[in-house]
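show me the folded form of this:
(chains A and B)
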Amino acid sequence: MDSQAKIYSGTKIVTRFAPSPTGFLHVGGARTALFNYLFTKKNGGKIILRIEDTDAERNKPEYAEGIVKAFDWLGIKFNQIHKQSENFPVHRKYLEKLIANGKAFVSKEEPREEGQRSEVIRFKNDNKDIIFEDLIKGEVKFNTTELGDFVIAKSLDEPIFHFSNVIDDINSGITHIIRGEEHLSNTPRQILIWEAVSEAPRPSYAHIPLILSEQKEKISKRKHGEIVSVEYYQRNGYLPEAFVNFLASLGWNAGDDREIFNLQELTEVFSLEKVQKAGAVFNQDKLRWFNRQYLMRLNDEEFIGKASKFMPEWLRVSNTGEQLPDSRFRGNDIRGNGNNIKIMPLIRDKIHAFGEIPMLFETGGELSFVRDLPDYAKETLLWKKNPDPKTALRHLNEISKLLSAVDENKFTTDNIKSALWSYAEANGKGDVLWPVRVAFTGQEKSPDPFVCAFILGKNESLSRIHKAIENLSNQ
RNA sequence: GGCCCUAUCGUCUAGCCUGGUCCAGGACGGAGGCUUUUCAAGCCUUAAACCCGGGUUCGAAUCCCGGUAGGGUCACCA
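All right, here's what the predicted structure looks like:
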C-alpha cells in the first residue's frame, strides 16, 4: 500500500472515472482512468466508471458505448458502471434538502442568453477559505468569495455538473478523486457542496497534470484532431499494452531507468507519489517506439493473428485456411495457410504499428513488388558505385543460371542465398546483388534479393531476371 | 484581467523531501559510425538541460525570497 493510501487506512479505497459521453475517449481521459485504475488495484480498492450523461443536448449513447469499448481494448476493467442520469431522483432529493435547510435557494434571474431560465437554484456561499491537501500538488488554498452564490441546478430536475458530480461521489462512497488538472479550480466549490450535503469526510484529491500538444497547450479534439482519440490508435493497429505503457510514461515514472511495463507490472509499481506535477507533451514518436518494443515481443502466431486484419485483401487467407484466388498476385504462393505466411517476417522488420502494413503494399510501397510487375528505368538496374551495363548484364545472366539450378521444391531463402553467395562474394556483392534485387522489385529500397526470390518463387524470379536482361540488352 | 498550478537536454524523465558522490543519469528523436547490395531494423559513439536574479551555506539543480515564462480555470457544459 502506498503512503497516500495509508493516510486513509481503515477505509477501503473507492475511485471513479467520470467521462461525459460527448465524444470518443480522449487520450487524457484514458490516462486519468489508467491512473485511477492503477492506484485502485495497487491498494486493493474498487473503481467505478460513471458516465456523466446529464447534458441531454450533447450526449450520445454511441459515445458512451465507444468509451466502454475503448476501455475493453485497453484492458482497463471497472468494478461497476453507472449512468449518472439514473441518479436524477437522488439529486433532486439533495437539492430539496439543501433548499429546506437554507444552504441553497431559488433565485429569480434575468436570462442573459437564449434558453436560460428565469429561475435557477444557487448555492448559498458563505465565502470561506478552502484549503485541501492535493496528493500530487500539495496544499492548495482558495478564497471562495469570487465564486459568489454559484448555480447548482437549472431546476429541481436539472442539476448541473458540480452538484450531480459531488452527490454521486458521496453516494458511491468515493474516497479518492483522481482527475485532470483542469478540475483543480473546480475543487473548492465541490468541497463546499460536499460539506453542505454530507457528514462524510471529504475525499482526497489528486490532480494529475495535463497532456499537452507540441505547442504545450491542453491537447484537444477540436484543435488537434483524431490523434487525441484512443480509438484512433486502436484503428491504426497499435497494441493496447504499448499504448497503456506510453500513457503511463506521461507524467509518471518508476523512479529508475525502467520503461517497459505491462498493465500488471504497472499496478505493482505505480504510486501517486511518482506522478509529475507539470504537464507532459504527447509525443507520437515515443509511442511508436513503445509499440515496436511490444511488437518485437509477440511470437509469430500472435503477430500473424494481429497483422492479418491489416493485410491487403488479396493476400488474406480465408477462415478455413483455403487460399483465395487472385489474378493480381504474381508470385508463387506467399499466403500459406495462416501459420506460414512467408512475407510476415519482412513486415515485422519494417513496421512500428500494424496500421502501416497497407502502405507497404500500395503501389510504390516497399513490398508492392509481390503484386506489381516491376516498372523501372533501365538505369535503376545499375549499381551507383559501378554503373556499367555490361557488368550488370553479365552478373544477371550468371545469376539466372545459378537460380535455375536451385530445386524448385527447396526454393527457400537459405538455399537461394547459399546458391548465390559465393558468386556474389567473388564478383563484388554490390555489382551482383544490386541489379538482381532491382530486377525483382524495381525499387531502390526493398528487402534483400534472397528473400525477394523466395517470396516470388522460382518461376517469377527467373522471369523477372530475364526481363531485366532483355531490358539491358535493348539499347 | 482575477484566482490557481507549474518550471532539469527539442520531448518523456532520474536526481530535489534527507544540500557535497551531478563538469547532472536514462529513454525518444537528432548526428556520426559499425553491419550491409539498397532501405529499415539492430549494435556502438556523440551533441544536447538544472528559467532568471538575489539570499542561506565552506558548498545549491537541490533550502528561502523575488521576478519571468508557460499552462489551467473563471457557464443556467461536463
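
up against RNA strand B, what does the stretch 201-350 of chain A have?
Within the stretch 201-350 of chain A, the residues that sit near RNA strand B (Cβ under 7 Å from any atom of the strand) are A:209-210, A:212, A:215-218, A:249-253, A:255-257, A:259, A:274, A:276-281, A:283, A:285-286, A:288-289, A:292, A:349-350. In short, each C-beta sits where N, CA and C put it, glycine included.

correction: the previous question concerned the stretch 51-200 of chain A.
The interface of the stretch 51-200 of chain A toward RNA strand B, taken as Cβ under 7 Å from any atom of the strand, is made up of A:52, A:54-55, A:58, A:84, A:109-112, A:115-118, A:120, A:137-143, A:146, A:151, A:154, A:160-162, A:164-165, A:181-186.

what are the buried residues along stretch A:292-309?
By neighbour count on 16 or more other Cβ atoms under 10 Å, the buried set for stretch A:292-309 is A:292-295, A:303-304, A:307-308.

now stretch A:176-186
A:176-181, A:184.

that older thread, between the buried residues of stretch A:292-309, which sits nearest residue A:90?
residue A:294 (43.3 Å; Cβ to Cβ).

gap between the closest residue to the closest one other than its chain neighbours and RNA strand B?
Residue nearest to residue A:294 in three dimensions, not counting chain neighbours: residue A:242, with 4.1 Å by Cβ to Cβ, 6 or more residues apart in numbering. For residue A:242, the distance to RNA strand B (Cβ to the nearest atom of the strand, to the nearest Å) stands at 12 Å.

residue A:66 too?
15 Å.

again with residue A:356
Between residue A:356 and RNA strand B the computed distance is 10 Å (Cβ to the nearest atom of the strand).

which of the three states applies to that residue?
helix (DSSP: H, G, I helix; E, B strand; the rest coil).

what about it, how many residues close to it?
When counting by other Cβ atoms under 10 Å, one arrives at 16 neighbours for residue A:356.

likewise residue A:440?
With other Cβ under 10 Å as criterion, residue A:440 counts 27.

pretty sure it contacts residue A:464?
Yes - because the distance of 5.4 Å satisfies Cβ atoms under 8 Å, residue A:440 is recorded as touching residue A:464.

so what sits against both of the two?
A:374, A:456 (Cβ atoms under 8 Å, 6 or more residues apart in numbering).

circling back to that earlier point, list buried residues within the residues of the stretch 51-200 of chain A next to RNA strand B.
A:52, A:54, A:84, A:120, A:137, A:140, A:142, A:151, A:160-162, A:164-165, A:181, A:184.

one step back: please list only the buried members of the residues of the stretch 201-350 of chain A next to RNA strand B.
A:209-210, A:212, A:249-252, A:279-280, A:288, A:292.

which ones among the residues you listed map onto helices?
Counting by DSSP state H, those place A:249, A:288, A:292 in helices.

do you know how far the second one is from residue A:232?
It refers to residue A:288. For residue A:288, the distance to residue A:232 (Cβ to Cβ, to the nearest Å) stands at 13 Å.

how about residue A:131, nearest residue that isn't a chain neighbour?
Per Cβ to Cβ, 6+ apart, closest to residue A:131 is residue A:141, 4.7 Å.

so the one you found sits against residue A:128, correct?
No - Residue A:141 is beyond contact range of residue A:128, at 11.3 Å (criterion: Cβ under 8 Å).

so which helix or strand takes in the residue nearest the centre of chain A?
Nearest to the geometric centre of chain A sits residue A:233, at 3.8 Å (Cα atoms, centre = their mean). Assigned by DSSP states H and E, residue A:233 belongs to helix A:230-235.

report the distance from that helix to the chain centre.
In terms of Cα atoms, centre = their mean, to the nearest Å, the centre of helix A:230-235 is set 5 Å apart from its chain centre.

who does it touch, helix- and strand-wise?
Applying 3 or more Cβ pairs under 8 Å, 6 or more residues apart in numbering; DSSP states H and E, one finds that helix A:230-235 contacts helix A:27-42, helix A:61-74, helix A:240-249.

what are the buried residues along it?
Those would be A:230-231, A:233-234, for helix A:230-235 by 16+ other Cβ under 10 Å.

sorry, back to before: would a markdown table of the buried residues of stretch A:176-186 with secondary structure and distance to residue A:222 be doable?
Output for those, formatted as a markdown table (DSSP: H, G, I helix; E, B strand; the rest coil; distance: Cβ to Cβ, whole Å):
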| residue | secondary structure | distance to residue A:222 |
| --- | --- | --- |
| A:176 | strand | 30 |
| A:177 | strand | 26 |
| A:178 | strand | 25 |
| A:179 | strand | 20 |
| A:180 | strand | 16 |
| A:181 | helix | 19 |
| A:184 | helix | 21 |
